[in-house]
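> A predicted structure for the sequence below; I have some questions about it.
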Amino acid sequence: MDKICTYFGRFKELLEEFYVSPYRGAVARARRDEDDLFMLFVFGELMGVPNPATYYTLELQPLLLERFHDWHRRQGFEHSPLDGFRCC
Amino acid sequence: MSSHSIQANRQLDYPPIIWRLSLLDEILTSPLVFVGGKGGVGKTTTASALALIAADRGSRCLLVSTDPAHSLADLFGQPIGNTETAIAAGLWALEIDPDRQADTHLAAVKARMKRLVHPRSYSEIDRQLSFARHAPGTMEAAMLERVAEVMAMAPSTYDHIIFDTAPTGHTIRLLSLPEIMAAWTDGLLSHRKKSERLSSALRHLGGGKVRGDDLSLIDAATDHKDGSRDAEINELLQARRRKLVQAREQLLDRTITSFMLVLNPDRLSLLETMKACNTLTEFSIPLAGLVVNRVLPENADGSFIKNRRQQEAHYLEDIERVFGHLPKVRVSLQPGDVHDINALRRIGQIITRGETFT
C-alpha cells in the first residue's frame, strides 16, 4: 500500500512538473527581462543611454552591483562595458 | 488700443492700496516665499527686505539664496555660507552650495560601493563617480535635494522661509523638477512592482527549480533572504519619491507657497516676466504678485530723467495691462546703493506702505 502511495505521489509530482515547468520558464524570463530593463535605467548612463536622473539612480548602483556581471553578459557584452567596473 | 484703455479703466475701479496690502499679507502668511525675476532686477534686495519685515514683526525667518553666485553675504556684510547663520533678531540666512551637497551624496554612494567590491577596483570607482560628479544635471539635482530639505523646515522650524532665487530660467527649471523627477521614480517603481509580481508568481510555480537558459539572475535574486536587496532598492526609491512629492505638494499649495516676481519697468524685464508667468502657469505654480522695482521717483528732475520717465510710463502701463489681475508693489529707485540692514529696512517700509511715485 505504502509503495503504491509513493508511486502515485511521484506520478503526481511528475505530472505537476510536466504542466508547470513551461510556465515557470516563461515567468522567470519575464521577470529577468523586467529586471534587465531596470538595470538599464540604473546603469544606462554609463553605456551611453542618457538618464535624466543620474544623481538619483547612482545611489541604487551599489545595491545592484552583484547582478551587474550577469546583466552585461546577457546584454551581449563579453566583458564589462564600463571601465569603472571590472567585474570580469 | 481700445481694449487697452478698457483694461486700464477696469483696474482703476479697485482701490490700489488693497492690492498692495494683499500682496504683503499673502507673503507674510505664507510659510514659503520664492522671489524670482531676471538677473539684476533686485531679487536679493527684495527678498532680504521682505525677510526683515517678517523678522521685525516677530516671526522666525530664514532667508535662503539658491543662486550659485550668492550675494547675501555681500549685502549683509558678513560671511554666511552653506549653514544657517543668524544675521539679525529672528532672521537667519543660508547660501546653498550645490557642490558641497553633490560631494556629500557621491561620497555616501562611493562608501557603499567600496564595501561591495574588491579593493583593486577602488580607484576605478573613484574615477567613475568623478564623471557622475561633473555630469550635466548633477548640480541641479543636488540643489533640488537641498531646497526640498530646506522647504521641509517650514513651518515647524521657521515661520517663513524666503528664497532669493537664481534668475528666472534656472528657478523655474528647479521648481518643475519635482514633478519630472517624481514621474521618473514612479516609472522605476512600477518596474520594480512588475518584477515583484513575477517573482511571487514564480514562487508559486516552485521558482528554485529553474535551470539552464541562463536564468542565473533568478538565483542571484533568490539568494538574498526574503529579497532584502529588493526591499532596500524599493526603500531608496520610495524615500526619494516622498521627498519630491512633498516638495511638489508644498509648491502647488497656495496657502503654503507664494511665488513673486521682481521686475523693472523696462522692455527686457517685462518680456521675461511674461514668459516666467506663462511657465509658472504651465506647472500650475500660483503667482502671488509682482514687485515693480526701481521706478523713477517723482522728485527726480532734469530733461534726461524726463525722457526716461516717459519711456518708463509706457512700460508701467504695459505691466498694468498684462498683469492687471495681480497684486503689485512699486518700489522707487533709491538715491544710493542698498548695502546694509538699515537701507533694507527702508525698502521694507516702502513695501509695507505700498509707496507709489504718483
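Received, thanks.
> quick check: phi and psi at the closest residue to residue B:35 other than its chain neighbours.
The shortest distance from residue B:35 to any non-neighbouring residue, by Cβ to Cβ, 6 or more residues apart in numbering or on different chains, is to residue B:47 (4.1 Å). Backbone N, C-alpha and C define where each C-beta goes, glycine included. Main-chain torsions, residue B:47, degrees, to the nearest 10: phi -60, psi -40.
> quick check: which element contains the residue in the stretch 51-200 of chain B that chain A sits nearest to?
Closest residue of the stretch 51-200 of chain B to chain A, Cβ to the nearest Cβ: residue B:128 (3.0 Å). Assessed by DSSP states H and E, residue B:128 sits inside helix B:122-133.
> can I get that helix as CSV, trimmed to CA atoms?
Written as CSV, here are the backbone C-alpha positions of helix B:122-133 (Å, rounded to 0.1, in the frame of the first residue of the first chain):
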residue,chain,number,x,y,z
TYR,B,122,38.6,51.4,-5.7
SER,B,123,40.5,53.7,-8.0
GLU,B,124,38.1,52.8,-10.8
ILE,B,125,35.1,53.6,-8.7
ASP,B,126,36.6,56.9,-7.8
ARG,B,127,37.1,57.7,-11.5
GLN,B,128,33.6,56.6,-12.4
LEU,B,129,32.0,58.7,-9.8
SER,B,130,34.0,61.7,-10.6
PHE,B,131,32.4,61.5,-14.1
ALA,B,132,29.0,61.4,-12.5
ARG,B,133,30.0,64.4,-10.3
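> what's it packed up against?
For helix B:122-133, the helices and strands in contact under the criterion 3 or more Cβ pairs under 8 Å, 6 or more residues apart in numbering or on different chains; DSSP states H and E are helix B:98-116.
> so which elements touch the helix it packs on?
The contact analysis (3+ Cβ pairs under 8 Å, 6+ apart) places helix B:98-116 against helix A:61-74, helix B:122-133, helix B:138-151.
> sorry, back to before: the helix holding residue B:128: which residues count as buried?
Judged by neighbour count using 16 or more other Cβ atoms under 10 Å in any protein chain shown, the buried positions of helix B:122-133 are B:124, B:125, B:128, B:129, B:132, B:133.
> over to stretch B:73-90?
Using 16+ other Cβ under 10 Å as the test for burial, stretch B:73-90 gives B:73, B:75, B:76, B:80, B:84, B:85, B:87, B:88, B:90.
> stretch B:323-333 now?
For stretch B:323-333, by 16+ other Cβ under 10 Å, it's B:323, B:326, B:327, B:328, B:329, B:330, B:331, B:332.
> quick check, pLDDT for the nearest residue to the last one once chain neighbours are set aside.
In space, and not counting its chain neighbours, residue B:332 is closest to residue B:297: 4.3 Å by Cβ to Cβ, 6+ apart. Residue-level confidence at residue B:297 comes out at 87, pLDDT.
> hang on, residue B:297 in a strand?
No - under DSSP: H, G, I helix; E, B strand; the rest coil, residue B:297 sits outside any strand and is assigned coil.
> so how far is chain A from it?
Distance, residue B:297 to chain A, by Cβ to the nearest Cβ, to the nearest Å: 47 Å.
> thinking that residue is in contact with residue B:330, fair?
No - Residue B:297 is not in contact with residue B:330 according to Cβ atoms under 8 Å; the separation is 10.3 Å.
> mind listing what the nearest residue to residue A:59 once chain neighbours are set aside touches?
Closest residue in space to residue A:59, ignoring its immediate chain neighbours: residue B:109 at 5.3 Å, by Cβ to Cβ, 6+ apart. Residue B:109 makes contact with A:58, A:59, A:61, A:62, B:129, according to Cβ atoms under 8 Å, 6 or more residues apart in numbering or on different chains.
> equivalent analysis for residue A:30, please.
By Cβ under 8 Å, 6+ apart, the residues touching residue A:30 are residue B:198.
> also the one 10 residues further on?
Applying Cβ under 8 Å, 6+ apart to residue A:40 gives the contacts A:47, A:49, A:75.
> if we go to 10 Å?
Applying Cβ atoms under 10 Å, 6 or more residues apart in numbering or on different chains to residue A:40 gives the contacts A:47, A:49, A:51, A:71, A:75, B:191.
> quick check, pLDDT for the closest residue in space to residue B:70 that isn't next to it in sequence.
Spatial nearest neighbour of residue B:70, chain neighbours left out: residue B:95 (4.1 Å); criterion: Cβ to Cβ, 6+ apart. Residue B:95 carries a pLDDT value of 95.
> residue B:95 against residue B:62, yeah?
No - taking contacts as Cβ atoms under 10 Å, residue B:95 lies outside contact range of residue B:62: 11.7 Å.
> what about the longest helix in chain A?
Longest helix in chain A by number of residues, with DSSP state H as the criterion: helix A:2-43.
> what mean pLDDT does that helix have?
Across helix A:2-43, the average pLDDT comes to 82.
> what's the pLDDT at residue B:253?
Note for residue B:253: predicted pLDDT of 87.
> I'd say it and residue B:155 touch.
No - the pair residue B:253 and residue B:155 does not pass the contact test of Cβ under 10 Å, sitting 12.0 Å apart.
> who touches both of the two?
When contacts are counted by Cβ under 10 Å, 6+ apart, residue B:253 and residue B:155 have B:30, B:31, B:32 as shared neighbours.
> make CSV from these and add distance to residue A:43, secondary structure and pLDDT to it.
Below are the shared contacts of residue B:253 and residue B:155 laid out as CSV (distance: Cβ to Cβ, whole Å; DSSP: H, G, I helix; E, B strand; the rest coil; pLDDT from 0 to 100):
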residue, distance to residue A:43, secondary structure, pLDDT
B:30, 42, coil, 90
B:31, 40, coil, 94
B:32, 36, strand, 94
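> with residue A:73 as the reference, measure out to the residue of the stretch 51-200 of chain B closest to chain A.
When distance is defined by Cβ to Cβ, to the nearest Å, residue B:128 is 20 Å away from residue A:73.
> do residue B:234 as well
Using Cβ to Cβ, one obtains 25 Å as the distance from residue B:234 to residue A:73.
> check residue B:99 too.
To residue A:73, residue B:99 is 37 Å away according to Cβ to Cβ.
> ditto for residue B:253
From residue B:253 to residue A:73 the distance is 49 Å (Cβ to Cβ).
> residue B:247: which element?
Going by DSSP H and E, residue B:247 is in helix B:228-252.
> check which helices and strands that helix sits against.
helix A:2-43, helix A:54-57, helix A:61-74, strand B:32-37, helix B:138-151, helix B:168-204, helix B:216-223, strand B:257-263 (3 or more Cβ pairs under 10 Å, 6 or more residues apart in numbering or on different chains; DSSP states H and E).
> go again using 7 Å as the cut-off
Other elements packing on helix B:228-252 under the criterion 3 or more Cβ pairs under 7 Å, 6 or more residues apart in numbering or on different chains; DSSP states H and E are helix A:61-74, helix B:138-151, helix B:168-204.
> circling back: what's the burial count for the residue nearest to residue B:332?
The number of residues packed around residue B:297, counting by other Cβ atoms under 10 Å in any protein chain shown, is 15.
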